[in-house]
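[1] structure of the sequence below:
(chains A and B)
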Amino acid sequence: MKERSFMKSLSAGLVPAVPYLWLGVFFLVPFLIVLKISLSDPAVAQPPYRPLFEWSDIMGFFSALDFENFELLTQDDLYFRATLSSVRIAAISTLLLLLVGFPIAYGMARAPERHRSLLVALVILPFWTSFLIRIYAWIAILKPEGLLTQALSGIGLISEPIEILNTEWAVYIGIVYAYLPFMVLPLYATLEKMDDTLLEAALDLGSTPWRSFWTITVPLAMPGIIAGSLLCFIPAVGEFVIPDLLGGSETLMIGRQLWSEFFSNRDWPLASSVAILLLIILVLPIVIYRDVEARRLETRP
Amino acid sequence: MTRRLSVFNVTSLVLGFAFLYLPILLLVIYSFNASRLVTVWGGFSTQWYGALFRNQALMEAAWVTLRIALLSASIATVLGTLAALALTRYGRFTGRTLFTGMIYAPMVMPEVITGLSLLLFFVAIDLDRGFWTVTLAHTTLTMCFVTVVVQSRLMTFDRSLEEAAMDLGAPPLRTFFAVTLPLIAPSIVAGFLLAFTLSLDDLVIASFNTGPGATTLPIRIYSQVRLGLSPEINAASTILIGLVTLGVISATLLSKRSVLRSQRNAH
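    Sure, this is the predicted structure:
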């Protein structure tokens, strides 16, 4: 009998242990390795970095660590500019996403109840189709002789082809387009629960619609605004595909820099340092996001 | 008080959905273009679909992608369901904070970081890059999404059903398979489908972790797109979009039917 309960608690313990172990091995350990390699020297070899760690040589391990790669990152202002421009592009995109996403989410929340689940499904559907394909579709639209130019000159609005592809504007359009469901859905979730009588009361008391929007709707939608913004901002900072396909060679972004250090220059230690740099920028937003999400899931009835 | 749609609401909905769907629609239309120039209409033709199926490299990549997606989504579904159970049913176990952190971080983490760190890990343990490394990488990423989907279902779950089964003498494991699992099954299926599509779609993590003989469809498409637009890619995209749309619609209908059935049974 005692043995059986031991077996039972053992098998019950496996439920958290198996996924825990998996994430430990395939998520946590790889991070420590990135950290380690970012502190090692590049080598012309396969793999192209000098291995640092030998169990028999703990002292040698610590003496070989150096911050050379990080010094390089601070000396070469390319990385500084790439960091600034990533954060700027991500911040502007998040703002644009709020501007575009809020009216859509608001409209969905005010639609008749029987139509709402269809509207939600329509927002999610594009998300299920390939990200790469959705970005690819914009190349044909934005390129100099592309469909946008054809359409606008067709109705006589422009006479010269407009240059959008390979500019930062194309990156904004791409990010807003690809991330829109991530902004609309959290916003909709909070707006849908909003109590309309509050707005009525404000109007009855003589508030203008514009003022009641800012003093009632926006504060009540704040959890959705924060969740949606973080959900867009964090991956946008490290975005690679969109700036690479739409941004042209002028658009500097840190995810792209990491990619080219790794694939073109084959400097793995420097690529790892860039990854650590990117992580340092994102640690705070990720921690806030985790708290917001965990609270949202745990307080749900 | 019923909510009313203002002109502004309707306009923003119409413009919003036009913005979401117009690019996809144009892509589909131009896949039937007879002209080789992707943005100039040259009459209706289905020739690019034929060319697509004769494109050996693209077909091989599609097959590899499908196998990786099926395998990684299956493992991720099991792991993610276990993780969701751990988070909802095990209270505050040791290291729970780290565990939730490891669940949420991969979902928002830029893919370049996840891809690079996994690659360096595989190199460190001397595992040859290829089919298996991509599968392991995709499993790790997608299990977190499965966890969140299943977890949100377990949160709204009526625990008294489980308690009733236990009171009637069903052992925990039997209760799980007879009561819990059927009730959370739709969310498990949804989690699997999400994991499957994420794996099908992934370019960045696959690029870092792939090796000889494991070129996936997104990697192949990406390298062609960098060389310029091609009507074949439009055709391939249209097929993928069609499959996904069919899948989502049938999943919605299935879940609607099961909701109706359970409502009928309840009365």
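
[2] sketch out the low-pLDDT regions of the stretch 1-150 of chain B for me.
    Low-confidence regions of the stretch 1-150 of chain B, defined here as pLDDT under 70, cover residues B:1-4.

[3] so where do the helices sit in it?
    Secondary structure of the stretch 1-150 of chain B, counting by DSSP state H, counting those that start in this stretch: helices at B:7-30, B:47-54, B:56-89, B:96-108, B:111-124, B:131-155.

[4] before we move on, what about the stretch 151-300 of chain A?
    According to DSSP H, counting those that start in this stretch, the stretch 151-300 of chain A carries its helices in the segments A:168-192, A:196-204, A:209-212, A:218-237, A:241-246, A:254-263, A:268-299.

[5] list the residues that contact B:Leu120.
    If you count contacts by C-beta atoms under 8 Å, 6 or more residues apart in numbering or on different chains, B:Leu120 has them with A:30, A:33-34, A:37, A:268, A:272. (Each C-beta comes from the backbone N, C-alpha and C, glycine too.)

[6] sorry, back to before: lowest average pLDDT across the helices of the stretch 151-300 of chain A?
    Of all the helices of the stretch 151-300 of chain A, mean pLDDT reaches its minimum on helix A:268-299 (a mean of 80).

[7] next, format the helices of the stretch 1-150 of chain B as CSV and append distance to A:Pro112.
    Written out in CSV, the entries for the helices of the stretch 1-150 of chain B read as follows (distance: least, C-beta to C-beta, whole Å):
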stretch, distance to A:Pro112
helix B:7-30, 11
helix B:47-54, 40
helix B:56-89, 33
helix B:96-108, 33
helix B:111-124, 39
helix B:131-155, 25
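
[8] save the helices of the stretch 151-300 of chain A as a markdown table, and put in mean neighbour count too.
    Putting the helices of the stretch 151-300 of chain A into a markdown table (neighbours: other C-beta atoms under 10 Å in any protein chain shown) gives the following:
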| stretch | mean neighbour count |
| --- | --- |
| helix A:168-192 | 22 |
| helix A:196-204 | 13 |
| helix A:209-212 | 12 |
| helix A:218-237 | 20 |
| helix A:241-246 | 24 |
| helix A:254-263 | 22 |
| helix A:268-299 | 19 |
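
[9] got the ones you listed as CSV, with distance to B:Ala178 columns?
    Output for the helices of the stretch 151-300 of chain A, formatted as CSV (distance: least, C-beta to C-beta, whole Å):
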stretch, distance to B:Ala178
helix A:168-192, 33
helix A:196-204, 43
helix A:209-212, 52
helix A:218-237, 36
helix A:241-246, 45
helix A:254-263, 47
helix A:268-299, 26
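
[10] possible to save the ones you listed as CSV with distance to chain B?
    Listed next are the helices of the stretch 151-300 of chain A as CSV, based on distance: least, C-beta to the nearest C-beta, whole Å:
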stretch, distance to chain B
helix A:168-192, 7
helix A:196-204, 6
helix A:209-212, 10
helix A:218-237, 4
helix A:241-246, 6
helix A:254-263, 5
helix A:268-299, 4
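
[11] residues near the closest residue to A:Phe27 other than its chain neighbours, how many?
    Distances taken as C-beta to C-beta, 6 or more residues apart in numbering or on different chains place B:Met102 nearest to A:Phe27, at 5.3 Å, with adjacent residues excluded. Residues within reach of B:Met102, counting by other C-beta atoms under 10 Å in any protein chain shown, total 23.

[12] please report the distance of B:Met102 from B:Thr197.
    22 Å (C-beta to C-beta, to the nearest Å).
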